[in-house]
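**Q** my questions are about this predicted structure, shown below with the sequence.
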Amino acid sequence: MKSTEGRMVRFGAMELRFLVDETDGKGEMVVFEMAVQPDARVPAAHHHEAVDECVYGLAGTMTTTLDGVAHEIRPGDSLFIPRGRVHHHANRHAEPCKALIVLTPGSIGRRYCEEMLKVVKTPGKPDMARVSEVMRRHGLVPA
C-alpha cells in the first residue's frame, strides 16, 4: 500500500488527500478524498474539457451542483459528471463532509491543485487572470 504522506493539499475549508495521482501508473486516473468544512463552497463552477468525474459520498452531505441542479451526496450516494458539464461542490450543512472523487483520465491531479494553491494563497484577492490561466492549462474551464 502506498503512503499518502506528502500527497495532501489544503485549500482553506477544503482538504484533498490523493490516493492515486497523475504520477502513478500511466496517468489514466486520479483518486482523492475531499473533506470540506461546513458552509464552504469549493471550487468555483467549471467544466472539464476531457475528464469525466465521479463523486462518491463518504461522510456528511456534499452538495454537488451539476448543470444548475443541486444533488445531495450522502454516504453511499454517487454522481457521475461527464466531461463538458458545468459543476461545483459545496458543503451547505452544519457538519463536515467527505467524498471520494475519481477523475479519468488523470490529467487534473495533485500538480494542478498545488499550482492553484500558489496562485490563490497570496495577500489580498487572487489574480483571477492567473487563476483562469492555470485552470485552462489543466483542462478546466471556468463557468
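**A** In hand now; what should we look at?

**Q** okay, CA-based contacts and neighbour counts for the rest of this
**A** Noted.

**Q** show me where the protein dips below the pLDDT cut-off.
**A** 1-6, 41 (pLDDT under 70).

**Q** can you pull out the strands in it?
**A** 8-11, 14-20, 30-36, 40-48, 52-59, 62-66, 69-73, 78-81, 87-91, 97-104, 140-142 (DSSP state E).

**Q** nearest to Leu117, of those?
**A** strand 8-11 (6.8 Å; C-alpha to C-alpha).

**Q** quick one: list the elements packing against that closest one.
**A** Where contact means 3 or more C-alpha pairs under 8 Å, 6 or more residues apart in numbering; DSSP states H and E, strand 8-11 is packed against strand 14-20, helix 110-120.

**Q** could I get the CA-only coordinates of it as PDB?
**A** Taking Å, rounded to 0.1, in the frame of the first residue of the first chain, the C-alpha atoms of strand 8-11 are listed here in PDB:
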ATOM      1  CA  MET A   8      -2.300  16.200   0.900                       C
ATOM      2  CA  VAL A   9      -3.300  19.600  -0.400                       C
ATOM      3  CA  ARG A  10      -5.300  22.100   1.800                       C
ATOM      4  CA  PHE A  11      -7.300  25.000   0.400                       C
END
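
**Q** starting at the chain centroid, how far to that strand?
**A** 11 Å (C-alpha atoms, centre = their mean, to the nearest Å).

**Q** now stretch 114-126
**A** Using C-alpha atoms, centre = their mean, the offset of stretch 114-126 from its chain centre is 16 Å.

**Q** can you show me the CA trace of it as CSV?
**A** What follows is stretch 114-126 as a C-alpha-only set of coordinates in CSV (Å, rounded to 0.1, in the frame of the first residue of the first chain):
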residue,chain,number,x,y,z
GLU,A,114,-0.5,22.6,-5.8
GLU,A,115,-0.1,25.1,-8.6
MET,A,116,-3.5,26.6,-8.0
LEU,A,117,-2.7,26.9,-4.3
LYS,A,118,0.3,29.0,-5.1
VAL,A,119,-1.9,31.4,-7.1
VAL,A,120,-4.7,31.8,-4.6
LYS,A,121,-2.6,31.8,-1.4
THR,A,122,-1.4,35.4,-1.7
PRO,A,123,-2.0,38.5,0.3
GLY,A,124,-5.3,40.2,-0.8
LYS,A,125,-7.5,38.8,-3.6
PRO,A,126,-6.1,36.2,-6.0
